[in-house]
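Requesting a structural model of the entry that follows:
(one chain, ligands or ions: 1)
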Amino acid sequence: MSEPLLEVTDLTKYFPIRKGFFQRTVGHVRAVDGVSFSVARGEILGLVGESGCGKTTTGRCILRLIEPTSGSVRFEGREVVGLSRGAMRSLRREMQIIFQDPFSSLNPRLTVRAMLAEVLRVHGLARGAALQERITALLRQVGLSPSQAARYPHEFSGGQRQRIGIARALAVGPKLIVADEPVSALDVSIQAQIVNLLKDLQRDLSLTYVFIAHDLSVVEHISDRVAVMYLGQIVELAPSGDLYRQPLHPYTVSLLSAIPQPDPDRQRTRIVLTGDVPSPANPPSGCRFHPRCFMARERCAQEVPLLREVVPGHRAACHYSEELLASGGAVPVTVQPANA
Ligand code: SF4
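As a prediction, the model looks like this:
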């Protein structure tokens, strides 16, 4: 098997909680707590979970926009954590990010042409006529007209601004793109256009994505594999088709049950997650999902479930995944879902 493009091992990011006059550290928010996964070249990995589950922090730690507390991030076999600023700057050409809110990530004082020219010049990628040609090609690639290059960000719609953000990421010719909720701020009607654009670009340019979203329905059609995060940890990781057809973690079952099904024969039992997400500063004992889990038993509050391979290629962190497997992805009949 060929070496993965990206390999994340036991990644953690703890943010200190400071209090008092002397700002003493009184605890830590465990935003990312032992996350491991790899992404093959040309693969799209969806990273999904509720707000505050650590998916965005994970994405930023990969690019070292946030310094990880511990763990390893290897890109093309090379360790990224601990690299000097200079070495990291040249590596950033290979690893780019697309932000959720394109408006705040674009410089309002620069036209689109000036913005793209700046990126190309800083990285020494084009000058003179070649620079203009490159800008024209980039705009066409993301579905904008070269005639729009003289405009400022505020003159564009939300979807168009995200296209500019994508063009800026593509300008340096990256291999890996971390797309951090790239469609969450957009109207539903525009979301599919941007997802399709990203999919086309991935195919045409042989890109690799870590595609972050809070909604499983957004990543369903774009991801090859999906990792579901809860309270700073991955609780399920599987090929996309397997995860949607037969989720093996109760949290994933709950998230999927909230997605409307157009086919009445495929309706799922609706499971409403009760209670708020617990604080990552003081996560629950045992399985972190147990206070909200419709399958929880005594053992769950005491014993931490490991992320294990339940069936080949399909991993889940639940003591009772086999029950979900036996039930064919439906809620086991012996269990009464809360608020179903
Ligand atoms: Fe639910 Fe227990 Fe599985 Fe955790 S280990 S997901 S609490 S059944």
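
Residue 180 bridge partners, please.
Beta-bridge pairing for residue 180 (DSSP bridges): residue 212.

give me the number of residues near it?
24 (other C-beta atoms under 10 Å). Bear in mind the C-beta positions are built from the backbone N, C-alpha and C, glycine included.

next one: residue 324
24.

Now do the buried residues in the helix or strand it falls within.
Per DSSP states H and E: residue 324 is located in helix 321-326. The neighbour-count criterion (16 or more other C-beta atoms under 10 Å) identifies 321, 323, 324, 325 as the buried residues of helix 321-326.

and the residue nearest the centre of the chain, what is it in contact with?
The residue lying closest to the centre of the chain (C-alpha atoms, centre = their mean) is residue 212, at 2.1 Å. Going by C-beta atoms under 8 Å, 6 or more residues apart in numbering, residue 212 touches 46, 47, 48, 55, 56, 58, 59, 178, 179, 180, 181.

For this structure, which segments count as helices?
For the chain, applying DSSP state H gives helices covering 55-62, 85-91, 102-105, 112-122, 128-141, 158-170, 188-205, 216-219, 240-245, 250-257, 321-326.

So what's the residue count around residue 18?
Count around residue 18 with other C-beta under 10 Å applied: 11.

Quick check: chain neighbours aside, which residue is closest to it?
residue 25 (5.7 Å; C-beta to C-beta, 6 or more residues apart in numbering).

Check residue 109 too.
residue 152 (7.7 Å).

re the thing from before, out of the contacts of residue 212, which is nearest to residue 240?
Taking C-beta to C-beta as the measure, residue 240 lies nearest residue 46 of these, at 7.0 Å.

quick one: the residue nearest to residue 18 and residue 281 touch, right?
No: counting by C-beta atoms under 8 Å, residue 25 does not reach residue 281; the two are 11.7 Å apart.

Give the residues shared as contacts by the two.
With C-beta under 8 Å, 6+ apart as the test, residue 25 and residue 281 both reach residue 17.

Using a markdown table, lay out the contacts of residue 212 together with distance to the ligand and pLDDT.
Output for the contacts of residue 212, formatted as a markdown table (distance: C-beta to the nearest ligand atom, whole Å; pLDDT from 0 to 100):
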| residue | distance to the ligand | pLDDT |
| --- | --- | --- |
| 46 | 20 | 97 |
| 47 | 19 | 97 |
| 48 | 16 | 96 |
| 55 | 18 | 95 |
| 56 | 23 | 95 |
| 58 | 20 | 97 |
| 59 | 24 | 96 |
| 178 | 28 | 97 |
| 179 | 28 | 96 |
| 180 | 27 | 94 |
| 181 | 25 | 92 |
